[in-house]
Structures are given as C-alpha cells and as structure tokens.
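Novice: sequence and computational prediction follow.
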Amino acid sequence: MMLHQQHHSNPLKPRNQLFTCLACQVAFPTSEKQRTHYRSDWHKYNLKRKIAQLTPISAEQFAQKVLAQQTKGREEEERQGIIYDCTLCRKSYSSENGFANHVLSKKHKDMEVMMGRENLASPIIQPHHQKMSLLSDLDDTDNESVLSFVTDADRVVDTCLFCGLHSGDFETNLDHMKIYHGFFLPDIEYLEDPKGLVTYLSEKISNDFTCLYCNGRGKEWKSLAAVRKHMLDKGHCKMAYDESEDPEELLKFYDFEPLGDEVMTHTDDRNDLILESGTKLGNRQFMKYYKQRTRKPLSAPESVEGPAAIEPRNRKERRQITFGVIDNAPVDSLSHKVQEYASRQRNFAASRRNNLVATNRLRIQNTI
C-alpha cells in the first residue's frame, strides 16, 4: 500500500500530457500538432467566432461550410461574367437586379409601346474574374438592403436618395429630402411625372453609383454607400440640371407647354407667339437680342416742324458746342485755337529735350 502511494506521488515520473485548444475545444497529444492546428483555417475561423461571442464549430461543420462557400463562389464568379444588355434602350447592366428593374421601368415600357416590340433585352456573356474569399460566410446585410432598394419599385419613390430613410409616402419623402438635404425638383411647375424623375435619379445613384451633381464628371464610386457619403459631405444633394444631363431623358418627365388659359393663336413671320391676351412671346434663340438696350431717339420739340428738327449733328458741330464755339463764328477762331495747341506741343517737346540734355550732363559729371 505504501509502495502504491509512493508510485503516484513521485514528481519525477512522466505523465501523459495533452495540449488543448480552448478556441476549438480540442486536445492534441503533442505540441507539434497543436502548433500545426493553430495555423489552420479552422482555428482562425473559430477565433473569429469567439471574438463575436459565438460557440465554436467542429472540423466536419467547418469542412461543410468551406464546400458550400466554394460552390457559392463559383456561381458568383459565373454570374459576374454576365452583362445584361437592353437592345431597345441601348443600356447595359452588370447585375440581374438592375436589369430587371430597368425592364419594369416606365421609360422601357413606353419604348416598347412606341416600337411595338417586346422582350428585346438579351444578356451578353463576357469573361470576368473576381477573387472570392472561402472563409467569409457572414451575411452581407448592406448588400441585401441595396438589392431590396433597387428591386422594389414602389419603395424607391418613398426612400430618401441620400440617406436611405424610408418615408410613409412620396410627398413625405420629398419634404424630408428638402428639409434635411436641401434637395428639390427643378421647374416643378412643368414637371408631369415627379415619381418617374425620382426613380430615374434613384437608378443613377443605386445602379450606376453616380453623384447627381458631378454627373460622371468626377471620381467614380464603387458602392452605394460611397456615393451617398460623397454627396452628403460635398453638399451635392442636388441635380446638375445643365448641359451634362441628357435632355432626352429629362423631357420624358417634363412638359414645357405654356401654362394657364393662354393658348397660342397664331405666329407671325418673326417667330413670335401672340396669345389671346395680346402678349407676345419671342423665340428663345433670339434671347440675346431681346436683352439688348438700344438708345432711344431724341424727340423733337412739338413747335418745330420739318425734317431739320430731327437731323442729327455731325462731329464738328458737337465739338463746337462742347468748346463753346457758336455756329456762326468765323472759321479763323477755330484755326487760332489749333495754332495755340500746336504751339503748346512744340514748347512741351523743347522743354523735354532740355531736361534730357541736362540729365545726361549730370550723369557724365558724377560718374562713379
């Protein structure tokens, strides 16, 4: 009995030790296997789960996730190589959701009605390679929110273009964008389809990642969050509404016909519109001439009759009036003034020469 107790209490006797991993909750017989495990993807993945306060998974579960991610990566890589091209509207989209949203848009349906053709959009496959990560199996909630924003056409007009806030209706959304972002729809009195215009702007931001104010003239953005942050930081929460905008796109939402009861009655040879009220509307191409301020002719006194009252004065007569010379004064008085002026010019030239000579003499005398 004593020998048995001494056998177990001997500290120099080697014991069977195990090397454990707390993150994966496994044990290894040797330290070499433990170090090899620390370099594995399974251990790194469980470390991430531990930081996120999640329970570890076994090696079999991790292998299943890797296989599922590889399958998803191959499908995503194949999908990335597809470009959806609408031959009717001559537009291309890199995502299926953007293409589907375009097919359901009002302008695409109007184009189909005008052309009398349907289902003209066909995808074109182009080679494209993208690096995929095998260890990322977390749900991308930001991408899901972006896709839901694009695909749901009814939700687009009720969602803020700049911060993504969803309002109850379209008018509330416009008030929010005006108060918090200073955004307004230009020429709203001529705007016939405000919802269509907001949908068009939403497609530019969410599908093309284009700043509304830069309108393709600045930096290219890679995500919806990036282009929204740029517009908020730079104060670009407004339409460009200049030559960079496509006029054909905007004219689908506007009607610039005359407002009210004023109806065009007829036109004259000078391209003027005469309304029923008697008002004349000139053509826009002659705007620079309308803005000119011409000099009004001098009105002749009523007591003076005949063409002599309105004859303009020549240059000589205006000069004589300015210098106080009477029209009936002899010509010698004018020639006398000319002679005096010539004499003053000669005296000025002589004094200038004398000054130059004196200056040169002083420079010669005082040379250094």
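Specialist: Received it, and whenever you're ready, just let me know what you need.
Novice: spit out the contact partners of residue 198.
Specialist: By C-beta atoms under 8 Å, 6 or more residues apart in numbering, the contact list for residue 198 reads 156, 157, 161, 170, 173, 174, 185. For the C-beta atoms, the positions are set from N, CA and C on the backbone; glycine is no exception.
Novice: spit out the contact partners of the fourth one.
Specialist: Pointing back at residue 170 there. Taking C-beta under 8 Å, 6+ apart, one finds 157, 158, 194, 195, 198 in contact with residue 170.
Novice: just the buried members of those residues?
Specialist: 157, 158, 198 (16 or more other C-beta atoms under 10 Å).
Novice: which one of those residues is nearest residue 25?
Specialist: Closest approach between the buried ones among the contacts of residue 170 and residue 25, by C-beta to C-beta: residue 158, at 48.7 Å.
Novice: now do the strand or helix carrying residue 114: which elements does it pack against?
Specialist: Element membership for residue 114, per DSSP states H and E: helix 106-115. The elements that helix 106-115 packs onto, with contact taken as 3 or more C-beta pairs under 8 Å, 6 or more residues apart in numbering; DSSP states H and E, are helix 194-206.
Novice: with adjacent residues omitted, what lies nearest to residue 219?
Specialist: residue 230 (7.6 Å; C-beta to C-beta, 6 or more residues apart in numbering).
Novice: the one you found: what's it in contact with?
Specialist: Counted by C-beta under 8 Å, 6+ apart, residue 230 has contacts 211, 219, 221, 236.
Novice: could you do residue 19 as well?
Specialist: By C-beta under 8 Å, 6+ apart, the residues touching residue 19 are 27, 28, 29, 30, 31, 33, 34.
Novice: can you tell me how far it is from residue 222?
Specialist: With the distance defined as C-beta to C-beta, to the nearest Å, residue 19 ends up 45 Å from residue 222.
Novice: again with residue 240
Specialist: Counting by C-beta to C-beta - residue 240 and residue 222 are separated by 21 Å.
Novice: which one's more surrounded, those two?
Specialist: residue 240 (15 against 8; other C-beta atoms under 10 Å).
Novice: which ones are touching the more buried one?
Specialist: Taking C-beta under 8 Å, 6+ apart, we find residue 240 in contact with 212, 213, 214, 215.
Novice: go with 10 Å
Specialist: 211, 212, 213, 214, 215, 216, 217 (C-beta atoms under 10 Å, 6 or more residues apart in numbering).
Novice: and the helix or strand hosting residue 248, what does it pack onto?
Specialist: Element membership for residue 248 (DSSP H and E) is helix 247-250. When contacts are defined as 3 or more C-beta pairs under 10 Å, 6 or more residues apart in numbering; DSSP states H and E, helix 247-250 sits against helix 194-206.
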